[in-house]
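Q: Predicted model follows, preceded by the sequence.
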Amino acid sequence: MAVSFRETPQNRLILLGASNLTLSLRLVIDLMQQRFGGPSEILAAVGHGRAYGIFSEAVGRGLPGVADCGLWRRLAALEPRPSYALLTDIGNDIVYGLLPEQLLQSVERCIEQLQSQSAQIVVTGLPMASIDRLSERRFVFFRNLFYPSCRLSRNETISRAWAVHEGLREMAARRGLIVHEQKPGWFGWDGIHVHYWQRAAYYRAIVRQFPDSGGKPEFCDDQRKFFLSWQQRPEFAFKTLFGCAIYRPQPSGLLADGSRVCKY
């Protein structure tokens with residue numbers, strides 16, 4: 001069943017990403033609410049190994065590309081509300097075989113729909129400094145671990161990643177967006193996943209890229225250790241599990257402050 005709610009949302013948070021955002025979803029929601037207030041209506045398209053422009057699978061679980069998921073139909077049907085969107089974890093499409101221009105087209109489709117809703121948008125660039133530092137041995141190890149079907153070489157993968165990164169910069173300049181540049185010190189040995197102990201600082205730096213709403217203090221407690229608890233954990237509106245389709249009504253998640261969460 002879809003969850004019920006106690007309070008009217010003050011704003012809408014639209015969160016698009018893959019593994020990093022999945023692991024830090026409550027943290028990101030908490031930081032954005034410290035900046036913009038709450039409770040919030042939250043639309044999230046996340047998931048380990050998630051791609052923007054192609055259906056992807058991870059450990060038997062399949063999800064549609066972010067640009068093609070049900071989030072966009074729901075967003076178009078909702079009433080206007082102050083909206084803040086984060087697009088992050090861009091790049092998995094490369095190791096699934098999409099060309100840079102195909103990935104960029106998928107990201108731009110998302111941005112077009114967000115701008116039609118007058119959302120404030122922050123996009124994170126690819127962590128190119130961190131990726132560039134990967135040795136051949138580390139690259140092959142993590143490619144085989146995370147993306148066993150991929151056979152792109154290190155040089156070709158990095159070349160395509162640079163093309164996507166530069167394409168995001170060009171798109172941001174053309175569309176008036178903020179692109180947050182990634183620092184190599186945030187990331188672990190694989191070059192793409194944020195260190196566990198760096199997550200709070202990493203996402204604070206990203207959330208600071210949004211223009212100040214003029215409401216609450218930017219961050220009420222930099223030492224805060226944990227965040228809003230789940231009253232009900234969200235489930236994907238649609239996924240496949242070993243080839244079987246599974247559907248859940250949305251919203252499916254509820255946080256302690258009454259924020260409702262739709263997960264796609």
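A: Yep, it's here.

Q: who does the helix or strand hosting residue 160 touch, helix- and strand-wise?
A: Assessed by DSSP states H and E, residue 160 sits inside helix 154-175. On a contact count with 3 or more CB pairs under 8 Å, 6 or more residues apart in numbering; DSSP states H and E, helix 154-175 meets helix 92-95, helix 100-116, helix 128-132, helix 136-146, strand 178-180. All C-beta atoms are positioned from the backbone trio N, CA, C, and that covers glycine.

Q: what comes up buried for that helix?
A: By neighbour count on 16 or more other CB atoms under 10 Å, the buried set for helix 154-175 is 154, 157-158, 160-161, 163-165, 167-168, 171-172.

Q: before we move on, the earlier item: let's have the helices and strands packed on helix 154-175 in JSON lines, adding mean neighbour count and mean pLDDT.
A: What follows is these, written out as JSON lines (neighbours: other CB atoms under 10 Å; pLDDT from 0 to 100):
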{"stretch": "helix 92-95", "mean neighbour count": "24", "mean pLDDT": "97"}
{"stretch": "helix 100-116", "mean neighbour count": "18", "mean pLDDT": "98"}
{"stretch": "helix 128-132", "mean neighbour count": "18", "mean pLDDT": "95"}
{"stretch": "helix 136-146", "mean neighbour count": "14", "mean pLDDT": "95"}
{"stretch": "strand 178-180", "mean neighbour count": "17", "mean pLDDT": "93"}
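
Q: So which of the buried residues of helix 154-175 is the closest to residue 17?
A: Each of these was scored against residue 17 by CB to CB, and residue 168 proved nearest at 14.0 Å.

Q: Surely the closest one touches residue 104?
A: Yes. Between residue 168 and residue 104 there is a contact under CB atoms under 8 Å: 7.2 Å.

Q: and of the buried residues of helix 154-175, the nearest to residue 100?
A: Using CB to CB, residue 163 is the member of those that lies nearest residue 100, at 3.8 Å.

Q: how far away is that closest one from residue 102?
A: Distance of residue 163 to residue 102, given as CB to CB, to the nearest Å: 11 Å.

Q: do residue 235 as well
A: Note on residue 235: its distance to residue 102, by CB to CB, is 29 Å.

Q: Give the buried residues for whatever helix or strand residue 12 lives in.
A: For residue 12, the host element (DSSP H and E) is strand 11-16. Applying a neighbour-count criterion of 16+ other CB under 10 Å, one finds 11-16 buried in strand 11-16.

Q: That one: what's the following helix or strand?
A: helix 19-23.

Q: thought residue 139 was touching residue 152?
A: No. Counting by CB under 8 Å, residue 139 stays clear of residue 152, with 9.7 Å between them.

Q: for the stretch 151-264 of the chain, what are the low-confidence residue spans?
A: Under the criterion pLDDT under 70, the flagged ranges of the stretch 151-264 of the chain are 213-227.

Q: Try it again at 80.
A: Residue ranges of the stretch 151-264 of the chain with pLDDT under 80: 212-228.

Q: Quickly find the element holding residue 29.
A: Going by DSSP H and E, residue 29 is in helix 25-36.

Q: now that helix against strand 11-16, angle please.
A: Here helix 25-36 runs at an angle of 140 degrees relative to strand 11-16 (axes from the mean of the first three to the mean of the last three CA atoms, to 10 degrees).

Q: Show residues contacting the following helix or strand past helix 25-36.
A: Counting by DSSP H and E, the next helix or strand C-terminal to helix 25-36 is strand 40-45. With CB atoms under 8 Å, 6 or more residues apart in numbering as the test, strand 40-45 has contacts from 9-17, 21, 25, 29, 32-33, 66, 69, 71, 74-75, 78, 81, 234, 251, 253, 259-264.
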